[in-house]
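Student: sequence and predicted structure below; questions after.
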Amino acid sequence: MDNRNQQAETRKAVIPFDNSYARLPAHFHASAIPTHVAEPWLIKFNRPLAEELGLDADALERDGAAIFSGNSIPEGAEPLGMAYAGHQFGQFVPLLGDGRAILLGEVIDRAGKRRDIQLKGAGKTPYSRRGDGRAALGPVLREYIVSEAMFALGIPATRALAAVVTGEPVYREQVLPGGVITRVAASHIRVGTFQFLASRGDTDGLKTLADYVIDRHYPDLKSSDRPYLDLVKAVVERQAALIARWLCVGFIHGVMNTDNCAISGETIDFGPCAFLDAYDPTKVFSSIDRGGRYAYASQPAIGQWNMARLAETLLPLIDPEPSEAVSLANDVIAGFGGLFQAHWLDGMKAKIGLFTEEDGDLDLVQGLLTAMHQGGADFTLTFRALCDAAESADKDEALKALFATPHQIEAWLFAWRERTGREPLSDAETAAKMRAVNPAFIPRNHRIEQAIRAAEDDGDFSLFEALLTVLARPYEDQPGFAAYTAPPLPQEEVLRTFCGT
Ligand code: AMP
Ligand code: MG
């Protein structure tokens, strides 16, 4: 082996950190060093993401077990926990913070965007309270699968760079293998970050944070006459768009607390999240959501509530006259519903192949949802079967078979054909456009559960790998993976999901 090769082989993994959050005032964060673990092992490394971040994928993969467990801290990292507050199920908690997450630092990706690299489950931080700062392997795999699936679906979400097992147990109701996920986000600033400063009456800190957020996520607002009001507006716009996207794929976040609502507009925190199988707007999976606060169809109203909590924190910056600040903020928050509705209707219309505008379109969309609810039809399969039906009425039978009785959809199908007949595109073109927005594959709960069981019980990661493979191309028919389109058998159905904390 010549010298150069040897050098290449022993090259240390270098991450070109540029840590702006660490430079914000000291009370915004606290230093937090990952706790050493016994025997880390790299389960999964996301090479394409590493490359997107401009990182040395070979070196990172080679040293991955040490780096992504927190055992080895790359040069330039400034590990810290971020301080935040939050409304949890409507109850305000003035200090939460990263209790089991450690921000290693930030990098500038190939597109010039600043991205956070964070370890989740790497040990205690000053914000851990009574928690152990650890994550069980199951929730690590769930977050890896679902966040990457969201990305492939085209929905803004944090990403998964790596997953490791720690070789150490974590103690929940049972003893479980421990894991760490490395999460990449546009930032980890939440509504709760603003609430943390507001609840301390720290207006200077709020201004510093708001200016930082504008600079990092909404630079166009730098020249605005009312930057802080416009910041609320911009976050409202992204949240409304995001939640519309969730509803269009049947996603239930599960724990939309203000500390789990990212200012960047990305989906964050995949604890008890789940996708609908049969369509039911009142559906709740999370074991801790007893009142159904975060049910599927309640998500837009909760999004608006969260935005009101954000606006409250910024009132002193919005206008020196309190009544004027409230009035301006109220107008922005009141606009959430209309923005959401417009995004949602556009998304749902595209799902049924409507790309022009007519008066009855909303009713037609709602008519289908009502029929699906009554007929117990699977959300994802119905829309995918509708793509086939758009191409040829020969395929209607497969669609009808998804309903408890065919007549539950027949009248609707008739009205839909009449309406799509007035669309300018050919049937084949319409079907192709519909297939690009109606996934064949979603991360179904029972499949995630099976992947977790195999990994936790038998150390078998093949189901996890297969799920990642199939979910990377959700809009393509992948005949080899046809079984992954199927809803659960009654005995496979997942009734409850857990935060995993
Ligand atoms: P989550 O339910 O993941 O949004 O977390 C809510 C709060 O609980 C956050 O402040 C977390 O950092 C904290 N937390 C959750 N799990 C743990 C844990 N195992 N150890 C310490 N803190 C935790
Ligand atoms: Mg959280």
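Tutor: Arrived safely. Residues are numbered from 1 along each chain as shown. Ligands and ions are numbered 1, 2, ... in the order given.

Student: just the mean pLDDT for the lengthiest helix in the chain, thanks.
Tutor: Longest helix in the chain, counting residues (DSSP state H): helix 227-249. For helix 227-249, mean pLDDT is 98.

Student: and the pLDDT at L345?
Tutor: 98.

Student: distance from the chain centre to whatever helix or strand it lives in, please.
Tutor: According to DSSP states H and E, L345 maps onto helix 336-351. With Cα atoms, centre = their mean, to the nearest Å as the basis, helix 336-351 stands 19 Å off its chain's centre.

Student: one more: stretch 19-39?
Tutor: In terms of Cα atoms, centre = their mean, the centre of stretch 19-39 is set 23 Å apart from its chain centre.

Student: can you give me the end-to-end distance of it?
Tutor: In stretch 19-39, first residue to last residue: 29 Å (Cα to Cα, to the nearest Å).

Student: and for stretch 267-277?
Tutor: End-to-end distance for stretch 267-277: 20 Å, by Cα to Cα.

Student: and if you look at stretch 176-195?
Tutor: First-to-last residue span, stretch 176-195, Cα to Cα: 34 Å.

Student: so for it, mean pLDDT?
Tutor: Stretch 176-195 carries an average pLDDT of 98.

Student: please see if that stretch touches ligand 1.
Tutor: No. Figure legend: stretch 176-195 not in contact with ligand 1 (Cβ under 6 Å from any ligand atom); closest approach 8.5 Å. Backbone N, C-alpha and C define where each C-beta goes, glycine included.

Student: quick one: buried residues of that stretch?
Tutor: 176-195 (16 or more other Cβ atoms under 10 Å).

Student: and it, how far from the chain's centre?
Tutor: Relative to its parent chain, stretch 176-195 has a centroid offset of 11 Å by Cα atoms, centre = their mean.

Student: on that earlier part again, so the helix or strand following the helix holding L345 versus helix 336-351, what angle?
Tutor: With elements assigned by DSSP H and E, the helix or strand that comes after helix 336-351 is helix 361-375. Relative orientation of helix 361-375 versus helix 336-351 (axes from the mean of the first three to the mean of the last three Cα atoms, to 10 degrees): 80 degrees.

Student: hmm, stretch 73-85 in reach of ligand 2?
Tutor: No. Shown here: stretch 73-85 not in contact with ligand 2 (Cβ under 5 Å from the ion), separated by at least 8.8 Å.

Student: low-confidence stretches in the stretch 401-501 of the chain?
Tutor: Judged by pLDDT under 70, the stretch 401-501 of the chain has its weakly predicted residues at 500-501.

Student: for it, what lies in contact range of ligand 2?
Tutor: So the stretch 401-501 of the chain never meets ligand 2 (Cβ under 5 Å from the ion).

Student: what about stretch 303-319, distance to the chain center?
Tutor: Relative to where its chain is centred, stretch 303-319 has its mean C-alpha point 22 Å off (Cα atoms, centre = their mean).

Student: same check, this time on stretch 168-188
Tutor: Its chain's C-alpha centre and that of stretch 168-188 lie 17 Å apart, by Cα atoms, centre = their mean.

Student: how long is that stretch from one end to the other?
Tutor: For stretch 168-188, the first-to-last residue distance is 27 Å (Cα to Cα).

Student: cool, and stretch 197-205?
Tutor: End-to-end span of stretch 197-205 (Cα to Cα): 6 Å.

Student: do stretch 450-467 as well
Tutor: Its first and final residues considered, stretch 450-467 spans 10 Å by Cα to Cα.

Student: got the contact list for A278?
Tutor: A278 sits next to 372, 376-379, 487 when contact means Cβ atoms under 8 Å, 6 or more residues apart in numbering.

Student: distance to S72 and neighbour count added to these, as CSV?
Tutor: Shown next, in CSV, are those (distance: Cβ to Cβ, whole Å; neighbours: other Cβ atoms under 10 Å):
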residue, distance to S72, neighbour count
M372, 51, 24
G376, 51, 14
A377, 50, 27
D378, 46, 23
F379, 44, 25
P487, 43, 18
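
Student: tell me the one of the residues you listed nearest A65?
Tutor: Distance to A65, by Cβ to Cβ, is smallest for P487 among the contacts of A278, at 36.8 Å.

Student: can you list the residues of the stretch 101-250 of the chain near ligand 1?
Tutor: By Cβ under 6 Å from any ligand atom, the part of the stretch 101-250 of the chain that sits against ligand 1 consists of 128, 131-134.

Student: 8 Å instead?
Tutor: Taking Cβ under 8 Å from any ligand atom as the contact definition, the stretch 101-250 of the chain meets ligand 1 at 101, 121, 124-125, 127-135, 170.

Student: out of the residues you listed, list just those in strands.
Tutor: The strands, defined by DSSP state E, take in 101, 135, 170 from those.

Student: can you list the helices and strands that the helix or strand where E418 lies packs against?
Tutor: Assessed by DSSP H and E, E418 sits inside helix 407-420. For helix 407-420, the packing partners by 3 or more Cβ pairs under 8 Å, 6 or more residues apart in numbering; DSSP states H and E come out as helix 361-375, helix 396-400.

Student: list the buried residues for the helix or strand following that helix?
Tutor: As assigned by DSSP H and E, the chain's next helix or strand after helix 407-420 is helix 427-435. Neighbour-count burial for helix 427-435, counted by 16+ other Cβ under 10 Å, picks out 427, 430-431, 433-435.

Student: still on that earlier bit, ok now the longest helix of the chain, how far from the chain's centre?
Tutor: Distance of helix 227-249 from the chain centroid (Cα atoms, centre = their mean) equals 14 Å.

Student: what's it packed up against?
Tutor: helix 203-217, helix 299-318, helix 322-334, helix 336-351.

Student: tell me the most buried of those helices?
Tutor: Ranked by mean neighbour count, the helices and strands packed on helix 227-249 are led by helix 299-318 with a mean of 21 (mean count of other Cβ atoms under 10 Å).

Student: next, count neighbours for T267.
Tutor: 23 (other Cβ atoms under 10 Å).

Student: so who does it touch?
Tutor: 147, 150, 155-158, 242, 246, 251, 253.

Student: wait, which of those is closest to R115?
Tutor: Proximity of the contacts of T267 to R115, judged by Cβ to Cβ, is greatest for T158, which lies at 9.6 Å.

Student: returning to that earlier point: from the residues of the stretch 101-250 of the chain next to ligand 1, which two are the most distant?
Tutor: Across those (Cβ to Cβ), the longest gap, 18.0 Å, separates Y127 and V170.

Student: strand partners of the helix or strand following the longest helix of the chain, parallel vs antiparallel please.
Tutor: Sequence-wise, the next helix or strand downstream of helix 227-249 (DSSP H and E) is strand 251-252. Next to strand 251-252 in the sheet, as set by DSSP bridges, lie strand 274-275 (antiparallel).

Student: what does the partner strand contact?
Tutor: 249-252, 254, 285-286, 379-380, 442-445, 494, 497.

Student: could you redo the last one with a cut-off of 6 Å?
Tutor: Residues outside strand 274-275 that contact it (Cβ atoms under 6 Å, 6 or more residues apart in numbering) are 250-252, 285, 442, 445, 497.

Student: next, count neighbours for D477.
Tutor: 14.

Student: typo on my end, it should be L42
Tutor: Quick note: L42 (other Cβ under 10 Å) scores 19 neighbours.

Student: let me see the contact set for it.
Tutor: 64-65, 164 are the contacts of L42 under Cβ under 6 Å, 6+ apart.

Student: doesn't G131 make contact with G99?
Tutor: Yes. Contact criterion Cβ atoms under 6 Å: G99 and G131 qualify, at 4.8 Å.

Student: what about those two, which has more around it?
Tutor: Comparing G99 with G131 by other Cβ under 10 Å, the one with more neighbours is G99, at 18 against 12.
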